[in-house]
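Colleague: With the input below, show me the fold.
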Amino acid sequence: MTDKEYAALYGRSGAAPKGGCAGQGDRRLLKGVADATHMWAYPSRRAERLEKAVAKEPRMRKAFATWSDCVVDKGFKRYGDPEAAQEDKAWGRGRDGNTAHTQREVGTAVADIECKRKHNTLGVWWSVMAKRQRADIGRNKAAYEVVRRDLDTLRANVRSITDG
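Modeller: Below is the predicted model:
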């Protein structure tokens, strides 16, 4: 992008609309949205809290322990949960996020999948998460409904723009 294009996109020149073309686009997309920050941030903040709560559930801790024992039984390192295995620093991620895919890493990945299948780890995970999500939606129905209305408004704005 040239400096001139950047200035037009973000409103850094007198010739561009307020906030630049990006600002103009945002205003058009968000027209009628009550609270854009809440719309974008609320669901992800709730999901983060729910994930932490799910990880502490006895049923989930038992499922992760069973999965971890299975991975160890297959000759690989003990991890607290599948996400810890994925984030292991031993995999030497490059700047692009990819790894070298060493034999040990591939073996760990295969053990991970085999153990998840054998012990229904993901089934338990999804079941516990779904129960928590239903309860959270019930307790916070009004806040979720505000997000839903704003998302519906955003989608209607997108349709009006794309349909011409």
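Colleague: what's in contact with the helix or strand harbouring E5?
Modeller: Using DSSP states H and E, E5 sits in helix 3-10. Applying C-beta atoms under 8 Å, 6 or more residues apart in numbering, the external contacts of helix 3-10 come out as 1, 12-13, 15-16, 19-23. Where C-beta positions appear, they are placed from N, C-alpha and C, glycine not excepted.
Colleague: what's the next secondary structure element after it?
Modeller: helix 20-29.
Colleague: Can you work out which other helices and strands pack against that following helix?
Modeller: Judged by 3 or more C-beta pairs under 8 Å, 6 or more residues apart in numbering; DSSP states H and E, the packing partners of helix 20-29 are helix 3-10, helix 141-162.
Colleague: mean pLDDT for those: which is lowest?
Modeller: Averaged per stretch, pLDDT over these is lowest on helix 3-10, reaching a mean of 78.
Colleague: and the spatially closest residue to S13 that is not a sequence neighbour, how many neighbours?
Modeller: Among residues not flanking S13 along the chain, A7 sits closest, at 4.0 Å (C-beta to C-beta, 6 or more residues apart in numbering). Using other C-beta atoms under 10 Å, A7 has 16 neighbouring residues.
Colleague: Surely L122 and K116 touch.
Modeller: Yes. Counting by C-beta atoms under 8 Å, L122 does reach K116; the two are 5.5 Å apart.
Colleague: of these two, who's got more company?
Modeller: K116 (19 against 14).
Colleague: tell me which element that one falls in.
Modeller: Using DSSP H and E, K116 sits in helix 103-119.
Colleague: Quick check: next helix or strand after that helix?
Modeller: Taking DSSP H and E, what comes next after helix 103-119 is helix 121-139.
Colleague: model confidence over that following helix, on average?
Modeller: Regarding helix 121-139, the rounded mean pLDDT is 97.
Colleague: what's the angle from that helix to helix 141-162?
Modeller: Comparing the axes of helix 121-139 and helix 141-162 via axes from the mean of the first three to the mean of the last three C-alpha atoms, to 10 degrees yields an angle of 100 degrees.
Colleague: so how far is V71 from A53?
Modeller: Look at A53 and V71: by C-beta to C-beta, to the nearest Å, they are 24 Å apart.
Colleague: Look at those two and report which has more neighbours.
Modeller: The neighbour comparison of A53 against V71 (other C-beta under 10 Å) goes to V71, with 21 against 15.
Colleague: Not counting its neighbours along the chain, what's nearest that one?
Modeller: A111 (4.8 Å).
Colleague: who's in contact with the one you found?
Modeller: 70-71, 74-76.
Colleague: Give me the subset of those residues lying in strands.
Modeller: With strands defined by DSSP state E, no entry of those lies inside them.
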